[in-house]
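Provide a 3D model corresponding to the input given below.
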Amino acid sequence: MGLGRILFAVFLIVPLIEIAFFVLIGNAIGLWPTLAGVLITAVVGSLVLRHQGMAVLTELRQQMAQGRVPARAMADAALIGAGGLMLLLPGYFSDLIGILLLLPPTRQLIYTLVLSRFTVVTTTSYTAQRPEESPRVIDLDDDHWRTR
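Presented below is the predicted three-dimensional model:
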């Protein structure tokens with residue numbers, strides 16, 4: 001199945017799921033509590049995103065200062081950002097996905113699944129010029145250069 005078809009299906013199915021959640025929850029608790037729930041989850045989502053995002057950024061800085069590649073911290077930052085975005089979007093289904101992405105066990109599961117499908121290779125390169133080696137020199141004739 002092509003990526004275009006998958007995206008089309010997601011953009012078609014997710015709004016239908018959101019509408020179904022609104023109808024079910026609205027029938028169970030009423031219109032105003034349903035709308036209040038959407039607003040409350042948006043506020044709570046922004047607060048949680050801010051708190052967890054700052055913690056992950058601190059961890060990212062510490063790992064980089066120690067000279068380590070912060071792959072896990074970067075993955076956590078991406079998942080927390082996606083979770084916070086989902087909580088800010090109006091809708092209960094997106095809120096459910098957002099809350100799941102903010103939970104550390106869910107992020108660990110996603111990280112493990114992604115890591116099992118990819119091979120991460122860390123490379124470093126360092127070039128040093130030996131003192132006995134002279135740099136490459138290109139001599140130009142007077143006809144081939146000009147002053148600025």
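
Report the rounded mean pLDDT for whichever strand or helix holds residue 113.
Here residue 113 is covered by helix 104-117, with elements defined by DSSP states H and E. Taken as a whole, helix 104-117 has a mean pLDDT of 89.

so what does it touch, helix or strand wise?
helix 71-88, helix 92-102 (3 or more C-beta pairs under 8 Å, 6 or more residues apart in numbering; DSSP states H and E). No exception for glycine: its C-beta is placed from N, CA and C like everyone else's.

Can you say which of those is nearest to residue 63?
helix 71-88 (5.8 Å; C-beta to C-beta).

What mean pLDDT does that closest one get?
Throughout helix 71-88, pLDDT has a mean value of 86.

one step back: and the helix holding residue 113, which residues are buried?
For helix 104-117, a neighbour-count test (16 or more other C-beta atoms under 10 Å) marks 107, 110 as buried.

Tell me which residues are up against that helix.
Outside of helix 104-117, the residues within contact range by C-beta atoms under 8 Å, 6 or more residues apart in numbering are 72, 75, 76, 79, 80, 100, 101.

of all those, which two lie farthest apart?
Every pair of these checked by C-beta to C-beta; the farthest is 72 and 100, at 18.3 Å.

related to what we said a few turns ago, looking at the helices and strands packed on helix 104-117, which is nearest to residue 41?
That would be, of those and by C-beta to C-beta, helix 92-102, which comes in at 4.6 Å.
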